[in-house]
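Enquirer: output the structure for:
(2 chains, ligands or ions: 2)
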Amino acid sequence: MQDQSTPANMTAAPVAGAITIKNLNKVFDTGSGKVVALQDINLTIDEDEFVSVVGPSGCGKTTLLTILAGLATQTSGTAELRGAAIAGPRRDVGVVFQSPVLFPWRSVLENVLLPIDVLRLNRSEFVPKAEALLAMAGLAGFEKKYPAQLSGGMQQRVGLVRALISEPAMLLMDEPFGALDALTRENMNLELQRIWMETRRTVFFITHSIGEAIFLGDRVLVMTPRPGQLKLEIKIDLPRPRNLEMMASPEVGLYMRQIRECLSAKGGIG
Amino acid sequence: MRRLVFPIILSICLFVGLMTAWDVSIRLLKVPSYIIPGPGAVFWALYNGIATGLYWEHFKVTLTEVVIGYGIGLGLALVLGSLIAVNRKVEFYFYPYLVMFQSMPKVALAPVMIVWFGLGLTSKIVNVAIVCFFPLLVNSIVGLRSTDPDRINLMRSLNASEWQIFYMLRIPSALPFIFAGLEVAIVLALIGAIVAEFVGAEHGLGMLIQAMTTTLDIAGQFSILLVLSLMGLTLNRIVKMLGNRVLFWDSSRRSQKLDTKI
Ligand SMILES: Nc1ncnc2c1ncn2[C@@H]1O[C@H](COP(=O)(O)OP(=O)(O)OP(=O)(O)O)[C@@H](O)[C@H]1O
Ligand SMILES: [Mg+2]
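Expert: Ligands and ions are numbered 1, 2, ... in the order given. Purely as a prediction, here's the structure:
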């Protein structure tokens, strides 16, 4: 972490990025034939960079994330985290899944503390932090409730808070705000930006929303399906903290148009 | 208030009506009391049995057999079920035998158990454990295998060990199935104990029924049947209540997970 010269020009990749992917392919061998989920992916993500990924349904976003999380292996090519080949899940990587994946027998607070239990740390030390994070996610007063008593969007926010509790150096997020209404979603975007600016870390953020991708990302990656490929990379040059008014600026309009064009060349967003 | 009182009055009326119908019909049909006793004789036998402390003494024995055998059956089923659910090799080698035993009427083993373990408590406990074991084993295996793969992935992403995944995720996920098995098994446990006592015992309510055959005390037998029904009902209720308490989070609680025959 310390050996970085933090260049102002982000395109000049440092020696070992937080995430380095080279010539990566993933083929699923299903009974009815082969599905090329990822084809020749090359990607470097810098330490503390926020990278958004957009692409239509089925283009391989989740597949790429599960490989980075160490939950699946690529068919060929290399994927490295901080210079080390990914051999399995790591403690410094937090994952927010596409569905909330809560344990129904644990209360909201206990669900948030699950990573602490797994790490065999002292629960009580983390309770204040869990409560603060829950309040930030608009879930104050719900600590003792059980997942079945929450709406889908609230469950998703619990999943997000759970990923933040152990302060992983890297966050992999799979459409964390997909189930939220527009207003809550904007608030969560602002909160996520604030958290990220406070405690910088590498974020790999999958979304279906082009606006969200631009609002949050230092860089936006655009993927296209069949076979899943990285088609476009756009560096987002907007000052931080970003606010919602910026989203109406001509620069953002230009980014949006570029991404849309890239996606519609392949049949539009799913 | 009326809402509460009315059903109570109705069920009392129904009970009295049924008893009267029983009493009247055996008098009219002139059924001898050594074939079907009247309700008066049954309740008199019940009163006598309880007042002399005789039923209580044997009740304790049968209850002990049921509870200990049930516990042992559950423990064994959980251990073996876990091994089979987690380890494909164990399943490969052991499953054929289990299927074979599963399709066998386990109470038929009772005479063998008496030969092996004698007339005392042990043979009854073993018989109860065997009878309980299979529904619990099958439900444990199915339950432990039903773990949501997304949840397993979550645990893996948190770097959980297989052991942590097992006790923090697989066991709680299996609990609805295990409790469904426990509800079936508690009824079977009582059957197992009584059958084993029939075959050969010195104490227990089953032995008492058997002994009453020789004296043609049919009223006494009916009164013990009543005690046994109440015992079965109470045990079943306790298991159900325990299940509702442990599985407060399970929204599909009402649906039975698996039907298992004796
Ligand atoms: N376990 C699997 N077995 C077979 N095929 C799979 C498997 N997982 C994913 N695929 C296929 O790989 C492709 C990419 O799937 P993936 O889940 O990565 O898409 P996605 O971009 O995350 O889509 P969405 O936006 O809908 O979540 C799809 O065509 C899917 O059918
Ligand atoms: Mg996906």
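
Enquirer: flag every residue of chain B that's near chain A.
Expert: Where proximity means CB under 8 Å from any CB of the partner chain, the interface of chain B facing chain A comprises B:148, B:150-151, B:153-160, B:164, B:168-169, B:172, B:175, B:248-251. Where C-beta positions appear, they are placed from N, C-alpha and C, glycine not excepted.

Enquirer: just the buried ones from those residues, in ChimeraX syntax?
Expert: In ChimeraX, a selection of the buried entries from the residues of chain B next to chain A looks like this (16 or more other CB atoms under 10 Å in any protein chain shown):
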select /B:151,153,154,155,156,157,158,159,160,164,168,169,172,175,249,250
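
Enquirer: out of the residues of chain B next to chain A, list just those in helices.
Expert: Under the assignment DSSP state H, these contribute B:150, B:151, B:153, B:154, B:155, B:156, B:157, B:164, B:172, B:175 to helices.

Enquirer: in those, find the pair that's most separated.
Expert: B:157 and B:175 (23.5 Å; CB to CB).

Enquirer: now find how far off-centre the helix or strand residue B:132 falls within is within its chain.
Expert: Assessed by DSSP states H and E, residue B:132 sits inside helix B:121-145. Distance, stretch centre to chain centre, for helix B:121-145: 11 Å (CA atoms, centre = their mean, to the nearest Å).

Enquirer: packing partners for that helix?
Expert: Helix B:121-145 sits against helix B:54-86, helix B:88-102, helix B:110-117, helix B:171-199, with contacts defined as 3 or more CB pairs under 8 Å, 6 or more residues apart in numbering or on different chains; DSSP states H and E.

Enquirer: tell me the domain boundaries of the chain?
Expert: Using chain A here. Listed domain ranges for chain A are A:1-92+A:172-178+A:192-270, A:95-167 (source: automatic domain parsing).

Enquirer: not what I meant, chain B
Expert: B:1-31, B:38-260.

Enquirer: what about the last one, near ligand 1?
Expert: No - applying CB under 6 Å from any ligand atom, one finds that domain B:38-260 is not in contact with ligand 1, the shortest distance being 9.8 Å.

Enquirer: what is the rounded mean pLDDT of that domain?
Expert: The average pLDDT within domain B:38-260 is 90.

Enquirer: and stretch A:94-108, by the same measure?
Expert: In this model, stretch A:94-108 has a mean pLDDT of 93.

Enquirer: which one, of the domains of chain A, ends up nearest to ligand 1?
Expert: domain A:1-92+A:172-178+A:192-270 (3.1 Å; CB to the nearest ligand atom).

Enquirer: is any part of that closest one close to ligand 1?
Expert: Yes - judged by CB under 6 Å from any ligand atom, domain A:1-92+A:172-178+A:192-270 comes into contact with ligand 1 at A:28, A:30, A:35, A:37, A:55, A:57-63, A:228.

Enquirer: state the distance from residue A:237 to chain B.
Expert: 33 Å (CB to the nearest CB, to the nearest Å).

Enquirer: for the residue lying closest to that residue once chain neighbours are set aside, the count of nearby residues, please.
Expert: Among residues not flanking residue A:237 along the chain, residue A:251 sits closest, at 7.1 Å (CB to CB, 6 or more residues apart in numbering or on different chains). Residue A:251: 12 surrounding residues under other CB atoms under 10 Å in any protein chain shown.

Enquirer: ok, the nearest residue to residue B:157 once chain neighbours are set aside - contacts?
Expert: Nearest residue to residue B:157 in three dimensions, chain neighbours excluded: residue A:95, at 4.3 Å (CB to CB, 6+ apart). Residue A:95 makes contact with A:65, A:69, A:163, A:171, A:172, A:173, A:174, B:154, B:157, according to CB atoms under 8 Å, 6 or more residues apart in numbering or on different chains.

Enquirer: beta partners of residue A:95?
Expert: Under DSSP bridges, the beta-bridge partners of residue A:95 are residue A:172.

Enquirer: show me the strands in the stretch 151-270 of chain A, by range?
Expert: Assigned by DSSP state E, counting those that start in this stretch, the strands in the stretch 151-270 of chain A fall at A:170-174, A:202-207, A:219-224, A:229-235.

Enquirer: out of these, which is the most enclosed?
Expert: strand A:202-207 (a mean of 25; mean count of other CB atoms under 10 Å in any protein chain shown).

Enquirer: mean confidence for it?
Expert: The model assigns strand A:202-207 a mean pLDDT of 95.

Enquirer: show me what it pairs with in its sheet, parallel or antiparallel.
Expert: Strand A:202-207 sits in its sheet next to strand A:50-54 (parallel), strand A:170-174 (parallel), going by DSSP bridges.

Enquirer: nearest to residue A:187, out of these?
Expert: strand A:170-174 (16.2 Å).

Enquirer: for the residue in the stretch 101-250 of chain B that ligand 1 sits nearest to, give its distance to residue A:262.
Expert: Relative to ligand 1, the nearest point of the stretch 101-250 of chain B is residue B:149 (9.8 Å; CB to the nearest ligand atom). Counting by CB to CB, to the nearest Å, the gap between residue B:149 and residue A:262 amounts to 33 Å.

Enquirer: which of these two has more neighbours?
Expert: residue A:262 (17 against 7).

Enquirer: which residues in the stretch 1-150 of chain A form strands?
Expert: Remark: strands assigned in the stretch 1-150 of chain A by DSSP E, counting those that start in this stretch are A:19-30, A:33-45, A:50-54, A:76-81, A:84-85, A:93-96.

Enquirer: contact partners of the shortest one?
Expert: Read that as strand A:84-85. Contacts for strand A:84-85 (CB under 8 Å, 6+ apart): A:78, A:79.

Enquirer: go again with 7 Å.
Expert: The contact list for strand A:84-85 (CB atoms under 7 Å, 6 or more residues apart in numbering or on different chains) reads residue A:78.

Enquirer: now that strand: how far from the chain's centre is it?
Expert: Offset of strand A:84-85 from its chain centre (CA atoms, centre = their mean): 20 Å.

Enquirer: coming back round to it: now compare the contacts of residue A:95 and name the two farthest from each other.
Expert: A:171 and B:154, at 14.5 Å, using CB to CB across the contacts of residue A:95.

Enquirer: closest to residue B:37 out of the strands of the stretch 151-270 of chain A?
Expert: strand A:170-174 (71.5 Å).

Enquirer: need the contact list for residue 204.
Expert: All of this is about chain A. For residue A:204, the contact set (CB under 7 Å, 6+ apart) comprises A:19, A:45, A:51, A:53, A:65, A:68, A:172, A:173.

Enquirer: right idea, wrong chain: chain B
Expert: Residues counted as contacts of residue B:204 (CB under 7 Å, 6+ apart) are B:58, B:61, B:62, B:65, B:124, B:193, B:197.
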